[in-house]
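S.K.: Quick one, fold the following:
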Amino acid sequence: MKGNETVISVRHLTCGYDDTVIVDDASFDISKGEVFIILGGSGCGKSTLLKNMIGLIPPISGEVWFGDQELTSATGKRRDAIIRKFGVMYQMGALFGSMSLLQNVMLPLEEFTDLPGEAREIVAKSKLAMVDLENAVYKMPAALSGGMKKRAAIARAMALDPGILFLDEPGAGLDPISSAALDELILDLSRNLGITFVIVTHELESIYAIADRVIMLDKDVKSIVAEGDPKKLRDTSDNQFVKRFFHRRPGLTPDGQTP
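M.R.: From the prediction side, this is the model:
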């Protein structure tokens, strides 16, 4: 269900903290229905870039457009309307431990809609069914496996029917079987519902399994050093740092020199 429609445009985005630049002058577009992955080594700014894209922290400079609406300069109701366009799954799931899965997924509906309680419950149960948790709606997060927690967090991110989902390290802490099952869920939601996914990860198996396109960040140059199909980058890139990453070869700096 991928199309040519651009749903996110990042323009000359510089991210960091105080005067420290982490990602400098990043520009890229994301199309409707894409599974788009932000990858790179530890400390390269993957999660920082994501937090800037969703408005969690302000950029040093640059713009993030959702369709024809710019997030970084928006305030009040206009900002709220843009944020409603996407859902977010944070790295550890961020479920509320004192609430059942049903209550966790109902929370955005209670906060942002006027639906009556019975309707909120129906919607929340349908979202949990979409992630194969229809038999766990009344369970507490502590009773769940790591994979189930990630699925529940995705269900909550989908509560308001956003067209875009941001996932921060969805496979972190999962065993290979659970991680592969989560990859399949992401692909199913993308194919069947046309959801656009923006995913931060460095796990190569998942990247090859689900990515339509990637951008690769490098902490030394503080910028995007590669963009495209990950398998093509692996097989054809002449950038030594990209080769090092995709082929898991230590010992080269981004300019191809031995440190």
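
S.K.: what comes into contact with the lengthiest helix in the chain?
M.R.: The residue-count maximum for a helix in the chain (DSSP state H) belongs to helix 176-193. For helix 176-193, the external contacting residues (C-beta atoms under 8 Å, 6 or more residues apart in numbering) are 1, 33-35, 130-132, 145-147, 150-151, 154, 158, 165, 167, 170-171, 174, 195-197, 199, 203, 205-206, 209-210. In short, each C-beta sits where N, CA and C put it, glycine included.

S.K.: What subset of the residues you listed is buried?
M.R.: 33-35, 130-131, 146-147, 150-151, 154, 158, 165, 167, 170-171, 174, 195-197, 199, 203, 206, 209-210 (16 or more other C-beta atoms under 10 Å).

S.K.: Next step: those residues restricted to strands.
M.R.: Residues of those located in strands (DSSP state E): 35, 165, 167, 196-197, 199.

S.K.: Could you dump those into JSON lines with pLDDT and distance to residue 52 added?
M.R.: Listed next are these as JSON lines, based on pLDDT from 0 to 100; distance: C-beta to C-beta, whole Å:
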{"residue": "35", "pLDDT": "97", "distance to residue 52": "20"}
{"residue": "165", "pLDDT": "97", "distance to residue 52": "17"}
{"residue": "167", "pLDDT": "96", "distance to residue 52": "16"}
{"residue": "196", "pLDDT": "97", "distance to residue 52": "18"}
{"residue": "197", "pLDDT": "97", "distance to residue 52": "18"}
{"residue": "199", "pLDDT": "97", "distance to residue 52": "16"}
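
S.K.: closest to residue 98 among those residues?
M.R.: In terms of C-beta to C-beta, no member of those lies closer to residue 98 than residue 167, at 24.1 Å.

S.K.: Dump the ones in strands among the buried ones among the contacts of helix 176-193 into TSV; add distance to residue 248 as well.
M.R.: Formatted as TSV, these follow (distance: C-beta to C-beta, whole Å):
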residue	distance to residue 248
35	22
165	28
167	23
196	29
197	24
199	20
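
S.K.: Now for those residues: which two are most distant?
M.R.: 167 and 196 (11.3 Å).

S.K.: the domain parsing of the chain - what is it?
M.R.: 1-85+164-253, 92-161 (automatic domain parsing).

S.K.: so where's the stretch 1-150 of the chain uncertain?
M.R.: Counting by pLDDT under 70, the low-confidence segments of the stretch 1-150 of the chain come to 1-3, 92-93.

S.K.: Thank you kindly, that will do.
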